[in-house]
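# Next come a sequence and a model predicted from it.
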Amino acid sequence: MPASPGSSGTPLVFDLNGGAAGTAVSHAERSGSFLLNEPGVYAVSFHGTISPASGDTLPLNLQFTLEQDGNPVSGAAAQEVLQTQNQYSSLSFSTVVSVTNPPSTLTVSGQGGNFFYSDVGVNVYKIG
């Protein structure tokens, strides 16, 4: 899939779903939201590649953050400063989140300007 345009504060869209077991985690293809449908503890990991959008003022400082129910998850972020128009950078983070009152919604969004993103993925596992 070609790179997708992203903008500050807008959740990233995740194209397709991989394997899934059970109903604790759900994601509608081509959406930015992951639903945690059961109480418990979940392991979450994110990876992706970013590049500056045409016309961005460089250097471009971008930060990508996991949000749970609209609130940033402490420690679940990755930051990169893009210095050149043709620069590509890989980002990743992993964390654990708790759900006491399901459903709970997870999203990943970038802050700091416009950008392109590709090769993005989120893995969510119920671990307790």
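Perfect, I can see it now.

# can you give me the strands for the chain?
4-6, 25-27, 34-36, 40-52, 60-68, 71-82, 89-99, 104-111, 115-126 (DSSP state E).

# Give the other helices and strands that the last one contacts.
It stands for strand 115-126. For strand 115-126, the packing partners by 3 or more Cβ pairs under 8 Å, 6 or more residues apart in numbering; DSSP states H and E come out as strand 4-6, strand 25-27, strand 34-36, strand 40-52, strand 104-111. Backbone N, C-alpha and C define where each C-beta goes, glycine included.

# Pairing partners for the helix or strand of the chain with the lowest mean pLDDT, with directions?
Sorting the helices and strands of the chain by mean pLDDT, DSSP states H and E puts strand 25-27 at the bottom, at a mean of 93. Here strand 25-27 is paired, per DSSP bridges, with strand 34-36 (antiparallel).

# Spatially, what comes nearest to the most centrally placed residue in the chain if we skip its sequence neighbours?
By Cα atoms, centre = their mean, the chain has its centre lying nearest to Val108, at 2.9 Å. With sequence-adjacent residues excluded and distances taken as Cβ to Cβ, 6 or more residues apart in numbering, Val108 is closest to Leu12, at 5.0 Å.

# In this structure that neighbour contacts Leu106, no?
No - using Cβ atoms under 8 Å, Leu12 is not in contact with Leu106, being 11.3 Å away.

# Please look at Leu45 and Val108 and confirm they touch.
For residue 45 the amino acid is Ser, not Leu. No - Ser45 lies out of contact with Val108 (Cβ under 8 Å); the separation is 10.7 Å.

# any common contacting residues for those two?
Val122 (Cβ atoms under 8 Å, 6 or more residues apart in numbering).
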